[in-house]
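Enquirer: 3D model of this:
(one chain, ligands or ions: 2)
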Amino acid sequence: MKQRSLMFSPSLLGGDFSRAGEELSIIAASGADYAHFDIMDGSFVPEITFGAKFVEDLRPLSDLVFDIHLMIENPEKHIERFIKAGADMITVHAESTRHLWRVLSMIKESGKDAGVAINPGTPVSFIESVLPIVDSVLVMTVNPGWGGQRFIPQMIDKIQELDSRRTDGGLRYIIGADGGIGKKNIRELYLNGLDLAIMGTSFFSEDDKGGFLHELEGLVE
Ligand code: DX5
Ligand code: ZN
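Expert: Residues are numbered from 1 along each chain as shown. Ligands and ions are numbered 1, 2, ... in the order given. Below is the predicted model of the structure:
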């Protein structure tokens, strides 16, 4: 029996930026809950993608939950701007700031959901002290920086650990995973505690995106 629902956050990074508005409509029409925005600064990760204006210009086109993944150094400098742009949830990397608690508090005080992300080389214990204040924990299942990379299976242990800590501590965060996710691994991820699947390549490579999400839902039943 299915105990909880799996939610989906397709990443625009897997789409065509020259048609970003249409891609966002495609995400909405697929039945996804969230739209994922990958913000890269060329420093925390090698690539540069886009900034708050891009998010702001897309905001009027959709009621989806705007899930902003900041892969940038010193995210505290940019939180306010992304909130103004229309973010609903902002996820910062634990490795990107000396002031993680402060950044997460800034997001929460603005009334938005605060998420913390960890790279493949970062253990769950590194974010132990912020687990009680976050709305979401994002486990990177690839090294951040590009779409289309291969899923790192050892990351499943972290999802399981976060699920156990959530239960044992009476905590309420959702658990997300990002990178290399699709039909092959969705069931194992879900069974280990995943709530939110972020997908770029697998989602955008399907012609029938609604059918694809439906198929994934079937795989976790
Ligand atoms: C990777 C990004 C991901 C990326 C996932 O640095 O954070 O959100 O879009 O893309 P796929 O699904 O192609 O691995
Ligand atoms: Zn991402």
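Enquirer: how far does the lengthiest helix in the chain sit from its chain's centre?
Expert: If each helix of the chain is counted by residues according to DSSP state H, the longest one is helix 156-169. How far helix 156-169 lies from its chain's middle: 17 Å, per Cα atoms, centre = their mean, to the nearest Å.
Enquirer: who's whichever residue of the chain sits closest to ligand 2 bridged to?
Expert: Across the chain, no residue is closer to ligand 2 than His69, which sits at 3.8 Å (Cβ to the ion). (C-beta placed from N, C-alpha, C; glycine too.) Counting by DSSP bridges, His69 forms beta bridges with Asp38, Thr91.
Enquirer: what about it, neighbour count?
Expert: 27 (other Cβ atoms under 10 Å).
Enquirer: got a pLDDT number for it?
Expert: pLDDT, His69: 98.
Enquirer: got a list of what it touches?
Expert: 11, 36-39, 91, 117, 138, 178, 198 (Cβ atoms under 8 Å, 6 or more residues apart in numbering).
Enquirer: ok so, going back, for the longest helix of the chain, give the mean pLDDT please.
Expert: 98.
Enquirer: tell me which other helices or strands the following helix or strand past it touches.
Expert: Helices and strands here follow DSSP states H and E; after helix 156-169, the next one along the chain is strand 174-178. Counting contacts by 3 or more Cβ pairs under 8 Å, 6 or more residues apart in numbering; DSSP states H and E, strand 174-178 is packed against strand 136-140, helix 156-169, strand 196-199.
Enquirer: mean neighbour count added to the ones you listed, as JSON lines?
Expert: Formatted as JSON lines, these follow (neighbours: other Cβ atoms under 10 Å):
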{"stretch": "strand 136-140", "mean neighbour count": "26"}
{"stretch": "helix 156-169", "mean neighbour count": "17"}
{"stretch": "strand 196-199", "mean neighbour count": "26"}
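Enquirer: out of these, which comes closest to ligand 1?
Expert: Nearest to ligand 1, of all the helices and strands packed on strand 174-178, is strand 196-199, at 4.7 Å by Cβ to the nearest ligand atom.
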